[in-house]
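Enquirer: Just to be clear, the model below is a prediction. Sequence and coordinates:
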Amino acid sequence: MSTADPQVPAPGDPLTEHPLLEGRHSDRAYSESLLAFVHRPPGRTWWALLALGLAGTALLVVAICATLFVGVGTWGNNIPVAWAFGITNFVWWIGIGHAGTLISAILLLFQEKWRGSINRFAEAMTLFAVTCAGLFPLLHLGRPWKFYWLVPYPSSLRAWPQFRSPLTWDIAAVGTYLTVSLLFWFVGLIPDLATARDTARTPRARFWYGLASLGWRGSARHWRQWRTGYLLLAGLATPLVVSVHTIVSFDFAVAQLPGWHTTIFPPYFVAGAVFSGFALVITLLIPARKALGIEHVVTPLHLDNMAKVLLATGWMVTYGYIQEHFFAWFSANPFELHATEAEFSGPYAPLFWMQVFCNVLVPQLFWFPRMRTNVAVLWVASLLINVGMWTERFLIVVASLSMDFLPSSWAAYRPTWVDWSLLGGTVAFFGTAFLLFLKFVPAVSVSEMKELQREVDASLQFRREEGTRPGGAP
Amino acid sequence: MPLLTDPARTDVPDAPERARAWRSLEEWHAGGPGDEAVSREHPPGAMLPPEGVARRTFLQLAAASLAAAGFSGCFRQPPEKILPYSTPPEGLTPGVPLHFATGLEWNGRTVGLVVESHEGRPTKVEGNPLHPASLGAAGVFEQAALLGLYDPARAKTARLQGVEAAWSTVRDALRERARREDGGAGLRFLVEPTGSPLVQALYARIQQRFPSARIIPCGVGVADGRREGTRLAYGRVLDVVHDVGRAVVVAVDDDFLATTQPGNLRAARDFVSARKPEAMNRLWVAESTLTLTGGFADERLRMRPSQGVALMLALAAEVGKGTGGSTLASGLASLRVPTPALTDAQRAWVRGAARDLLAHRGQGRVTVGPGQPPLVHALAFAMDEALGNAPRLIEPVAFPEAMGQLPGELLDGRVDTLIITAWNPAWTEAVDSGFTRDLERVPFRLYHGLHEDETAALCPTFVPATHPFESWRDGRAPDGTASVLQPLIAPLFPGAVSEVELLSVFAGLDSQSPYDLLKSLWRERTASPPDFEARWEAWLADGVIPGTQSAPARAVLDEAAVLKAAREVPEPKAPEGLELALVLDSRLYDGRFAGNAWLQELPDPVTKLTWDNAALLSPATARALKLEKGDVARIEVQGKALEVPVLVLPGQPDDTVTLALGHGRERVGPVGQGVGVNAYTLRSSSLSWGGGITNITRTGRHHALALTQEHWSMEGRQLALQFTQASFLAKPQALESLQEKPERLYPPNALLKSDRHQWAMAIDLHRCTGCSACMVACQAENNVPVVGRDGVLRSREMHWLRIDRYFLGDPDDPGFITQPVACVHCEAAPCEYVCPVNATVHSDEGLNQMVYNRCIGTRYCSNNCPYKVRRFNYLEYQRREPLTQLRQNPDVTVRSRGVMEKCTYCVQRIERARTVARSAQRDVREGEVRTACQQACPTEAITFGDLRAPDSRVRREHEDPRHYKLLNSLGTQPRTVHLVRLKNPAPKGGA
């Protein structure tokens, strides 16, 4: 180990130019600082937030019971608007989950170092978001107790699902997504669970963390196999980033409804998913890094990078909007034209313009580096983007349905308290799950942080040696 | 004879706590009114929670979510031993319905019907093809009356002076009343006008026994300008047979296609049959609100109700000038034309109509609505006579002769006994007549009605009436043809008594049953032929007594009287201010159907309003008054005021407020309770159908109107198509793009080449008047539930067949078209490929089928259906109540919550025909399968059949140059095609 001061950054190194880690910490320090929240008894704020989350979750349970016992008629859906909040929420939550997969899988394959501080966080978010999302397709069924008919299983009825329907693809896509996300999250968690076991202060915690860490001892062989498995899972998860939301978009694109029947939908949905996912990561990370005291590993650089992703995906989404409306005009199809006009100036126009503001204008702030690292701006913008993305899905689902081919059937949609409770309730459930996650699971990958620290150290060491060697590279 | 005989008519006054299981209606009903059973007797949909879940339910659910206990099974057999038919009634094969000819009467006219009966339960009302007023069609009232039979809110027990009593006790009291020495001076009967020979004979008999007694007709239909018009023109009251199958029809404020007019089914058939696309007649309509007749017109004119006189004077003068020759013509020509009272457009309409009438002498008809004053009617008769159009007059069918308002004398102190069999006079009589006040002075007042309604509340003595399908009677069609109206079922409630039974007490004939009375009357009338029994059975089976139609009345027009009246009428002035027009409701008639959930939920054919009435305003008037749809306005008329929600109706004449009577009932059971506002409160003896409005103001309140169609424009799309005859004949290829098969990537559908039947439908918009009979037929046949006002407000109505209505052009004076749309059974159905569980599939006969058992309710099929004809059971709409279940069609699955449903092309009827054909070892024949909508349609606008059969009518219509496929460009290849409507406006140069 070098005696040179590692705090002094060497110029020209991508790892050290902008600090991914603030300060230099020992392994023990990392274990302590990153697991502090797990081992410490939670504070009053945590309990207050948890109570709030549980109250919201209770509302969710009541709304679910209303849906199951009285019927999906407790929602505001009608004919023609047979899908509304339920499917909007489904698409929104699924989209939010995408950031997790993108960060964990694709950025891992690209060996982006900054992912390490936030991937655990984002993966957990993915899991909870997909859980929330999965609730809606089930509840929105007229007869939810028959949901398993969507699954191809050897039924004694000898009836199979109808494979031309995008809904059967959905089941497969979302099911795979949930499974792979869960595996990915858990596999990534194993070394940290072991760390939690080793640093646990009570025998009970030690027992449970020990059970969950599957006997991890940190041997070189463990590490080698773990790394291979993790990379393999990343490879598996990568196509899912694209496939899940593509298939979700098929629910719409495959139908012939004006406003749904669009070939731009798959890429546009994927970009929108990453967009909203990153926005939610930012929304949650900004308060969490403060509360958990992990600002030394989630640095302004991370925020800056995520804001750039927002800007990029924001433009992709904007491109989608432009294409969608351009082709509606270019097709000269009266139904498509009317759907477009209705968005601009119809009854849902205020929502449309709100969506344009949130999803197109707000991200433009991030052209400015100062805005990208300004925590307040970033937080508000990320919230707005999430609202905007929800609005976008609402407009796609509801506005298109409420005005289709025969004007005689046109009707507006009004949500009921059950609709609002399900939306609010899933948000609360998500929040509750997240609070529990922060409490019981290391929110930042401790092992990856340690590894990163070593990489940084090694890199600095290498730089210095290069610089001191006569005739070495500048 | 009804098959479900009443097993034991023993009253069970002290029945123990009502058992959950029941074997007969009597047992089920033993709890009597007011018990827990009655409170649960809500008709389907009426009690749906406003937001899906009420607060109380919310709490229950919160508890249930903890308990989450499984529910026990739904079907329970009675614990006692039950036995099947050991000797089934003759002619009954379980599962095979029987059909009985009967009929229904209101406003004195009868429509002949055929009622389908399953194991003794009437389940469906159809028209009687042999009956002249039906010709196989059935209107909305006739069909929906069936639901009234099974109405749980029907009155069940009799009262005598406020005390519950059995009918026998009441009968004894009545016998006591009939034993009188004063010749009936204190005896009065308030009755519905009736054409029934039996009831008329009973009246005659009562008059004979009590010469001083008076039998007085009442009801809104009684105040009829047409009757008085015949009195003015011909010196006595005559019936006018609506004979509109003419080359030129000029209708002034006469909505002869309206369900509320007697004989509308026949009038619609006659008129539309004279309107062949290749040789069209022409319809001129001047009207004071937008009606179906106006929508059908070739030349429509908006007028205020008060302008009828001015318009007719102008028309008569114009016709008189053109006719020449006779004294009548010159008399008419000499009438002064009130030019300032008419607008330019109105004068042009008058000139055009007169020219058309003159060009078609002897083939025209001038007809006037009952709301117009007698003079207007008399002028119409005079014009028809002058033009040689010969109005069809017969001796009045209905008795007693109408007298307009109740004479005040009726209820002076001398009356001691008042028998009311008329429908709810306390509700329909004008407020200022003092009827209710006088009524309470009568010591013995008896009301005989189906419900404990507003009049029943004022009468301590009450006798529950039988439903028309529960009692023997006879009746006469508008043209006089007599029918025997058979009962279909023994009275569901043992306390119910028929009108004949009640009257026969006063006629001294109560020792005989109504059946015996009826039979002996007709034996007498036909001079007791030796084969009377055989004839009688034939009459019952056919539903018509042949040779009984009225002969034309010998009546000569009293020219002088008409001309004199026309000259003496005060000079019509240019109208000013706002006018109110009261009309009978297209769905509730005078209010008697307010408890009928089918009719409450049936959208008004013009406004598409359900579960409410509204003040109709033209767009211009609404703008001027700053009122919008749903604003509650306060209308003041002659010192009376009413707050009523506003509906803006394109095509409504300016400064005219149209308001339907019959809503706002106070005592009608859970369905109609408090639905709408009571327009009778504005009615008075001087204002029976309308008059000037003193003031109309905004209240600032808002009332949500449950409309099934909010959007009235077609947005320039080719949906419900209408051409002028000339333009279509000149360019029939205009429809080509809507007829050709769109190109497809996949191989064409091979179904049409298969050897199976290929079912298809054609709906001719040219024949569709929009009357909505098909909608009710579909509802009854297919057990379609109602969803209530909240359901309609949430756009969840369940009608499998709807009638789309569009306005064309200028919102102030628009064109109007109706288009029935049900599932069109696309050959390339968009719903099928998106269903994840194969719940909607295609049959090899071309039906797009719903498999209810398989449906899990993703609703994707509805989203992808461009016609939006799929209906979803968002909540449990079907009530599992014994009485409601009796009415259901056993051939059609009752759908549970969470299941999608839609038009099946009446697949149960196809299968029934196939069963019959197979057992006869032949193929299903053309015309053997008739869908419910097709059967009910008065104008035969709907055709159904096998597209593969070379000579089928549906195939002809599918090849007609007028046919087109709705939304053809989507490539769905619908099996139901529509045929364009043609219009025949007067040539521009000639007008």
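Expert: Nice, I can see it. Numbering: from 1, shown residues only, chains lettered A, B, ... in the order given.
Enquirer: Look up how far A:F90 lies from whatever residue of the stretch 1-150 of chain A ends up closest to chain B.
Expert: Nearest to chain B in the stretch 1-150 of chain A, going by Cβ to the nearest Cβ, is A:G142, at a distance of 1.7 Å. For glycine as for every other residue, the C-beta is placed from the backbone atoms N, C-alpha and C. From A:G142 across to A:F90, the span is 16 Å (Cβ to Cβ, to the nearest Å).
Enquirer: Where does the prediction get shaky in the chain?
Expert: Since you didn't name a chain, this refers to chain A. Counting by pLDDT under 70, chain A has low-confidence residues at A:1-20, A:22, A:467-474.
Enquirer: right idea, wrong chain: chain B
Expert: In chain B, residues with pLDDT under 70: B:1-91, B:221-223, B:399-413, B:430-432, B:749, B:751-752, B:989-991.
Enquirer: wouldn't B:G184 be in contact with B:A213 here?
Expert: Yes. Counting by Cβ atoms under 8 Å, B:G184 touches B:A213, with 3.0 Å between them.
Enquirer: joint contacts of these two?
Expert: Each of B:I206 lies in contact with both B:G184 and B:A213 under the rule Cβ atoms under 8 Å, 6 or more residues apart in numbering or on different chains.
Enquirer: about what we covered before: contact partners for the residue of the stretch 1-150 of chain A closest to chain B?
Expert: Contact analysis of A:G142 by Cβ under 8 Å, 6+ apart lists A:71-72, B:855-859, B:872-874, B:897-900.
Enquirer: so of those residues, which ones are in strands?
Expert: With DSSP state E as the criterion, strands contain B:F872, B:M900 from among the contacts of A:G142.
Enquirer: Switch the contacts of A:G142 over to JSON lines; also include neighbour count.
Expert: Rendered in JSON lines, the data for the contacts of A:G142 read as follows (neighbours: other Cβ atoms under 10 Å in any protein chain shown):
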{"residue": "A:G71", "neighbour count": "23"}
{"residue": "A:V72", "neighbour count": "27"}
{"residue": "B:C855", "neighbour count": "28"}
{"residue": "B:I856", "neighbour count": "23"}
{"residue": "B:G857", "neighbour count": "25"}
{"residue": "B:T858", "neighbour count": "27"}
{"residue": "B:R859", "neighbour count": "25"}
{"residue": "B:F872", "neighbour count": "26"}
{"residue": "B:N873", "neighbour count": "26"}
{"residue": "B:Y874", "neighbour count": "29"}
{"residue": "B:R897", "neighbour count": "18"}
{"residue": "B:G898", "neighbour count": "23"}
{"residue": "B:V899", "neighbour count": "21"}
{"residue": "B:M900", "neighbour count": "28"}
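Enquirer: Just the closest of the contacts of A:G142 to B:T293, please.
Expert: The nearest member of these to B:T293, counting by Cβ to Cβ, is B:F872 at 35.1 Å.
Enquirer: My guess is that closest one contacts B:R897. True?
Expert: No. Judged on Cβ under 8 Å, B:F872 makes no contact with B:R897 at a distance of 9.4 Å.
Enquirer: so where do the helices sit in the stretch 251-400 of chain A?
Expert: A:265-291, A:300-331, A:334-345, A:349-356, A:369-373, A:375-394, A:400-402 (DSSP state H, counting those that start in this stretch).
Enquirer: do the first one and chain B meet?
Expert: No. Counting by Cβ under 8 Å from any Cβ of the partner chain, no contacts exist between helix A:265-291 and chain B, the nearest distance being 14.9 Å.
Enquirer: buried set for that helix?
Expert: Neighbour-count burial for helix A:265-291 flags A:265-286, A:288-289 (criterion: 16 or more other Cβ atoms under 10 Å in any protein chain shown).
Enquirer: and if you look at the longest one?
Expert: Judged by neighbour count using 16+ other Cβ under 10 Å, the buried positions of helix A:300-331 are A:300-307, A:309-314, A:317-318, A:320-321, A:323-325, A:328.
Enquirer: again, but for stretch A:55-62
Expert: Of all the residues in stretch A:55-62, those buried under the rule 16+ other Cβ under 10 Å are A:G56, A:T57, A:L59, A:L60, A:V61, A:V62.
Enquirer: picking up where we left off before, please identify which helix or strand holds the residue of the stretch 1-150 of chain A closest to chain B.
Expert: Per DSSP states H and E: A:G142 is located in neither a helix nor a strand.
Enquirer: could you redo the helices of the stretch 251-400 of chain A as JSON lines and give each row distance to B:E926?
Expert: What follows is the helices of the stretch 251-400 of chain A, written out as JSON lines (distance: least, Cβ to Cβ, whole Å):
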{"stretch": "helix A:265-291", "distance to B:E926": "48"}
{"stretch": "helix A:300-331", "distance to B:E926": "43"}
{"stretch": "helix A:334-345", "distance to B:E926": "37"}
{"stretch": "helix A:349-356", "distance to B:E926": "53"}
{"stretch": "helix A:369-373", "distance to B:E926": "76"}
{"stretch": "helix A:375-394", "distance to B:E926": "51"}
{"stretch": "helix A:400-402", "distance to B:E926": "40"}
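Enquirer: Run through the residues that contact the residue in chain B that chain A sits nearest to.
Expert: Using Cβ to the nearest Cβ, the point where chain B gets nearest to chain A is B:G857, with a distance of 1.7 Å. Each residue near B:G857 by Cβ under 8 Å, 6+ apart is listed here: A:V72, A:L141, A:G142, A:R143, B:F872, B:N873, B:G898, B:V899, B:M900.
Enquirer: hmm, try it at 6 Å
Expert: With contact set as Cβ atoms under 6 Å, 6 or more residues apart in numbering or on different chains, B:G857 has these partners: A:L141, A:G142, A:R143, B:G898.
Enquirer: What parts of the stretch 201-350 of chain A come near chain B?
Expert: With Cβ under 6 Å from any Cβ of the partner chain as the criterion, the stretch 201-350 of chain A comes near chain B at residues A:A255, A:Q256.
Enquirer: closest point of the stretch 201-350 of chain A to chain B, which residue?
Expert: For the stretch 201-350 of chain A, Cβ to the nearest Cβ, closest residue to chain B: A:A255, 4.5 Å.
Enquirer: Surely B:G945 forms part of a strand?
Expert: Yes. Checked against DSSP: H, G, I helix; E, B strand; the rest coil, B:G945 lies within a strand.
Enquirer: what's around it, how many residues?
Expert: Counted by other Cβ atoms under 10 Å in any protein chain shown, the residues lying close to B:G945 total 29.
Enquirer: neighbours around the nearest residue to it once chain neighbours are set aside, how many?
Expert: Spatial nearest neighbour of B:G945, chain neighbours left out: B:V954 (3.8 Å); criterion: Cβ to Cβ, 6 or more residues apart in numbering or on different chains. Counted with other Cβ under 10 Å, residues neighbouring B:V954 total 24.
Enquirer: which residue ranges form the helices in the stretch 51-200 of chain A?
Expert: Counting by DSSP H, counting those that start in this stretch, the stretch 51-200 of chain A has helices at residues A:85-101, A:107-109, A:119-139, A:166-199.
Enquirer: hang on, I meant the stretch 851-991 of chain B
Expert: Using DSSP H, counting those that start in this stretch, the helices of the stretch 851-991 of chain B run over B:860-863, B:882-887, B:907-919, B:932-936, B:953-958.
Enquirer: Alright, calling it a day.
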